[in-house]
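> Fold the following, please.
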Amino acid sequence: MITKRNKGMTLIELMFAAGIVAMALAMLFGSLLSLSLMGQVNKSRMDAIASLNNIMEQVNTLPYENLVTFVPPVDSCGPGVSRQVSIQLVVPGAEGTDPTLVSIPLPAGYANPIPNPVEVRVTLAWQEQNGYVFQIMASTMKGR
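Numbers count the residues shown, from 1 in each chain. As a prediction, the model looks like this:
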């Protein structure tokens, strides 16, 4: 009786093994891309926090009288391709009303007095190259 010995793999077995390896590599590369994106987002957030701390330090060292004309330098406005810094004063409303947010530098013709102390809110918003939009905010009390 003549018997055949299987000394190799069939083509179907090779295709099945290649498919399994391809799926494993796709999952691995997907994870690596996700980790890379998260690293970029975290670096951007750390840059934003550093920029926000820089602006808050400038606000804290600024004399109260110069607060209403303060404009942060452009180079300290955070990461991303499109960025915007908004600085507002929180002016308390009359009894039982909500506070008003007044942007600084103050608009022309603003005649209401600025309270002492006043809350200063700094908001930093930026858009990444990949289209993600982020925002971070801090506030401090400023007095004479």
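
> ok, M137 - contacts?
M137 makes contact with 121-124 under the criterion CB atoms under 8 Å, 6 or more residues apart in numbering. Just so you know, the C-beta spots here come from the backbone N, C-alpha and C atoms, and that holds for glycine as well.

> for P115, same thing?
Residues counted as contacts of P115 (CB under 8 Å, 6+ apart) are 91-92.

> in what helix or strand does it lie?
P115 belongs to no helix or strand when elements are defined using DSSP states H and E.

> Give me the buried entries from the contacts of M137.
In terms of neighbour count (16 or more other CB atoms under 10 Å), the buried residues within these are 122, 124.

> Widest-spaced pair of the contacts of M137?
Comparing all pairs in these by CB to CB, the longest separation belongs to R121 and L124, at 10.9 Å.

> Report the set of residues contacting both of those two.
Listed as contacting both R121 and L124 by CB under 8 Å, 6+ apart are 86, 137.

> which ones among the contacts of M137 are found in helices?
Judged by DSSP state H, those include no members of helices.

> Generate JSON lines for the contacts of M137, with distance to Q58 as supplementary columns.
Rendered in JSON lines, the data for the contacts of M137 read as follows (distance: CB to CB, whole Å):
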{"residue": "R121", "distance to Q58": "14"}
{"residue": "V122", "distance to Q58": "10"}
{"residue": "T123", "distance to Q58": "15"}
{"residue": "L124", "distance to Q58": "13"}
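
> tell me which of the contacts of M137 is nearest to M15?
Closest approach between the contacts of M137 and M15, by CB to CB: L124, at 53.5 Å.

> Tell me which stretches of the protein form helices.
For the chain, applying DSSP H gives helices covering 11-61.

> quick one: low-confidence parts of it?
1-6, 74-81, 94, 96 (pLDDT under 70).

> Help me confirm that G143 comes into contact with V118.
Yes - at 7.5 Å, G143 counts as touching V118 under the criterion of CB atoms under 8 Å.

> Which neighbours do the two have in common?
What both G143 and V118 touch, as defined by CB under 8 Å, 6+ apart, is an empty set.

> Those two: who's more crowded?
V118 (19 against 8; other CB atoms under 10 Å).

> Enumerate every residue touching the more buried one.
67, 89-91, 141-143.

> Can you flag the buried ones in those residues?
For the contacts of V118, a neighbour count by 16+ other CB under 10 Å gives the buried set as 67, 89-90, 142.
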